[in-house]
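Undergrad: Below is the sequence, then the predicted model.
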Amino acid sequence: MDYDTYGEVINGERTYQWLANDLKEGRAVLIGWTDQNSTHFDILLKLGVQKYGDNFQGGIRGSDLFVSVMRRGAFGFNPDHTDTHPGYYDEKLGGGMGITGEKLAELINGIKGKL
């Protein structure tokens with residue numbers, strides 16, 4: 001896992017691989033993440049869930065990578081799409097993130113690329 005000097009998780013190949021490994025093992029993962037530009041998010045990640053019922057809003061599937069940014073928003077993303085545009089993540093996870101949204105997209109796409 002890649003960390004900054006304060007012990008916060010940062011983007012990097014080791015981070016993407018470490019998280020992907022945990023997710024593939026069925027674990028839910030909670031990270032204290034920073035964009036390295038003074039923004040900190042607590043992020044809960046889970047790959048796939050048991051689902052009940054046939055109808056889900058917004059195209060959510062049980063096999064999605066679920067991303068929950070505490071106090072902002074949550075959504076399920078197709079893990080096969082490793083080049084999702086930052087604006088899509090921004091829209092689904094609360095909006096108005098600016099450069100932080102771009103860094104968050106790097107994190108999510110990086111993890112999806114290792115799944």
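TA: Cool, the structure landed.
Undergrad: When you work out contacts or count neighbours from here on, use the C-alpha atoms and nothing else.
TA: Noted.
Undergrad: Please enumerate the strands of this structure.
TA: 29-34, 40-47, 65-69, 73-77 (DSSP state E).
Undergrad: which one of these has the most crowded surroundings?
TA: strand 65-69 (a mean of 21; mean count of other C-alpha atoms under 10 Å).
Undergrad: tell me the angle that strand makes with strand 29-34.
TA: Orientation of strand 65-69 against strand 29-34 (axes from the mean of the first three to the mean of the last three C-alpha atoms, to 10 degrees) gives an angle of 50 degrees.
Undergrad: Direction included, what does strand 65-69 pair up with?
TA: Each strand pairing with strand 65-69, determined using DSSP bridges, is listed with its direction: strand 40-47 (antiparallel), strand 73-77 (antiparallel).
Undergrad: Measure how far the lengthiest helix in the chain is from the centre of its chain, please.
TA: If you go by DSSP state H, the chain has its longest helix at helix 99-114. Distance of helix 99-114 from the chain centroid (C-alpha atoms, centre = their mean, to the nearest Å) equals 7 Å.
Undergrad: How about residues contacting that helix?
TA: For helix 99-114, contacts defined as C-alpha atoms under 8 Å, 6 or more residues apart in numbering pick out 11-13, 15-17, 19-20, 35, 37, 39, 79-87, 89-90.
Undergrad: just checking, which of those belong to helices?
TA: Filtering the contacts of helix 99-114 for helices - DSSP H - leaves 13, 15-17, 19-20, 86-87, 89-90.
Undergrad: Just the buried ones from the residues you listed?
TA: 15-17, 19-20, 86-87, 89-90 (16 or more other C-alpha atoms under 10 Å).
Undergrad: Between the residues you listed, which sits nearest Asp2?
TA: Asp2 has its nearest neighbour among these in Thr15, at 5.3 Å by C-alpha to C-alpha.
Undergrad: List the contacts of Leu23.
TA: Leu23 neighbours (C-alpha under 8 Å, 6+ apart): 29, 45-47.
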